[in-house]
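Enquirer: sequence-free structure coming up:
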């Protein structure tokens, strides 16, 4: 079974929403990068996630959302993201609008993620995004625990990045 087949089966995906979304990014000419758990999977041993977190240059967000709707996808706007879903898939695409992530796009590199060629944020940026997510006390505790596990997974594979962590997280790593 290929990576694509695995993720599509896992997400009960009848339409390959990841490929559709990558095609939308291409059609709109949007420069983007993958962040979040799937981006972590591009650098370390993969774990399952039904969220695909993406940052696109701010000026392209409207065009991406319009094109997604034109392709039959549902777009719901939140304070710092647009969530894009399909009735044919359990996978959720979270298009981030938080301006802190904009610099990640220029540092992204093409990588293979579960059989898809995608632009992925640099490992330092992926780690920074995970630190921001973990530090957000308004997030559900279960989500923050996953962020912490992702931080630990990154540091285990790239121990030289430990110095990029805030002091409280470095202390947790040493426990």
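Expert: Great, that's in hand. Fair warning: this is a prediction, and the values are worked out from it, not measured in the lab.

Enquirer: residue 73: neighbour count?
Expert: Residue 73 has 21 neighbouring residues, counting by other C-beta atoms under 10 Å. All C-beta atoms are positioned from the backbone trio N, CA, C, and that covers glycine.

Enquirer: ok, and the closest non-adjacent residue to residue 99?
Expert: If the residues on either side of it in the chain are set aside, residue 99 comes closest to residue 58, at 7.1 Å by C-beta to C-beta, 6 or more residues apart in numbering.

Enquirer: what's the first-to-last distance across stretch 28-47?
Expert: Start and end residues of stretch 28-47 are separated by 30 Å (C-alpha to C-alpha, to the nearest Å).

Enquirer: buried residues, it. List them.
Expert: Of the residues in stretch 28-47, 28, 30, 32-44, 46 count as buried by neighbour count, 16 or more other C-beta atoms under 10 Å.

Enquirer: next, report how far it is displaced from the centre of its chain.
Expert: Put simply, stretch 28-47 sits 5 Å off its chain's centre (C-alpha atoms, centre = their mean, to the nearest Å).

Enquirer: neighbours around residue 17, how many?
Expert: Other residues close to residue 17 by other C-beta under 10 Å number 25.

Enquirer: how near is the residue lying closest to it once chain neighbours are set aside to residue 47?
Expert: Counting by C-beta to C-beta, 6+ apart, residue 89 is the residue found nearest to residue 17 once chain neighbours are left out, at 4.3 Å. Going from residue 89 to residue 47 by C-beta to C-beta, to the nearest Å gives 19 Å.

Enquirer: and what of residue 155?
Expert: Per C-beta to C-beta, residue 155 is found 15 Å from residue 47.

Enquirer: next SSE after the worst-scoring helix or strand of the chain on mean pLDDT?
Expert: When the helices and strands of the chain are scored by mean pLDDT, DSSP states H and E, helix 3-10 comes last with a mean of 74. The first helix or strand that comes after helix 3-10 along the chain, using DSSP states H and E, is helix 17-28.

Enquirer: what angle sits between that following helix and helix 3-10?
Expert: For helix 17-28 against helix 3-10, the angle by axes from the mean of the first three to the mean of the last three C-alpha atoms, to 10 degrees is 120 degrees.

Enquirer: list the helices and strands the next helix or strand after helix 17-28 packs on?
Expert: Using DSSP H and E, the helix or strand that follows helix 17-28 in sequence is strand 32-35. When contacts are defined as 3 or more C-beta pairs under 8 Å, 6 or more residues apart in numbering; DSSP states H and E, strand 32-35 packs onto strand 51-56, helix 102-106, strand 116-120, helix 123-135.
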